[in-house]
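Participant: Build me a model:
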Amino acid sequence: MKEKVKPYKDSDASKKAQVTKMFDTISKEYDGLNRVISFGIDVKWRNKVVKLVAKKQPENILDIATGTGDLAISLTSTSAKDIIGLDISDGMLEVGRGKIKSKNLDGIISMVIGDSEDLPFEDNTFDAITVAFGIRNFENLEKGLAEILRVLKPNGIFVILETSVPTNPIYKFGYNTYSKFILPVIGKLFSKDRVAYKYLSESASVFPYGEALNNILKKIGFINVEDKPQTMGVATIYTASKV
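Facilitator: Modelled structure (predicted):
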């Protein structure tokens, strides 16, 4: 695993502190930029995650790295009556709280500040756990995954949505060109933080995906691990469970 990219390369702060600062800074522009950068396809991917979770008819769900709560809000269409969105960035959560309040979803969704590597929940608590575009920001991937396994109920479902690199040479060339040259330019034009979107593209390029991430999940103790590439492989949905 080659997770070495730092958001702010001139900083000696931990990755966790840097990621928190970065997302606090870009929180108010994050949703709009996401739609532009992904051409809106990220909404389609999240809807697929929701369908996978809904099949399990969960009573409660934990959405880790919830950000501004897009996935948590979409998950209200499942049978769950209790959804917790957890994130390390209070700036992102604050934007999410506003969205949740405007949709009158306060009674279903709670936004909680917390660390994915030290989850404030008892063992075997959640029927379903999701992480969308946040797992590559974990400072210690295996520790975070072990925490997720701990708080997931037996036979519960764990779903990851994360960027990946296409295996087809033509699609891979297009992906690399877009992520290395176009994405950072969009970030510079529309974001207060010029480093943030360069980090997001670089971190995606070095994060383990496909079979590599499957193997890490199995090593941690997850079972029924599967990966489902999306849109020519530029993103992947992973599903796993617990004995």
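Participant: would you list every one of the strands in the chain?
Facilitator: All strands of the chain, identified by DSSP state E, fall at 60-64, 82-87, 109-113, 126-132, 152-163, 223-230, 235-241.
Participant: out of those strands, nearest to residue 25?
Facilitator: Checking the strands of the chain against residue 25 by Cβ to Cβ gives strand 82-87 as the closest, at 14.2 Å. The way it works is simple: take the backbone N, C-alpha and C, and place the C-beta from them, glycine included.
Participant: Give the buried residues for the closest one.
Facilitator: Within strand 82-87, the residues that count as buried by 16 or more other Cβ atoms under 10 Å are 83, 84, 85, 86, 87.
Participant: quick one: which of those residues is nearest residue 183?
Facilitator: residue 87 (22.2 Å).
Participant: what residues are up against that closest one?
Facilitator: Residue 87 is in contact with 23, 64, 65, 66, 67, 93, 96, 111, 112, 113, 114, 134, counting by Cβ atoms under 8 Å, 6 or more residues apart in numbering.
Participant: any idea how far residue 94 is from it?
Facilitator: 10 Å (Cβ to Cβ, to the nearest Å).
Participant: Between all of the contacts of residue 87, which two are at the greatest distance?
Facilitator: 23 and 112 (15.3 Å).
Participant: Compare neighbour counts for those two and give me the winner.
Facilitator: Remark: of residue 23 and residue 112, residue 23 carries more neighbours, 25 against 14, as counted by other Cβ atoms under 10 Å.
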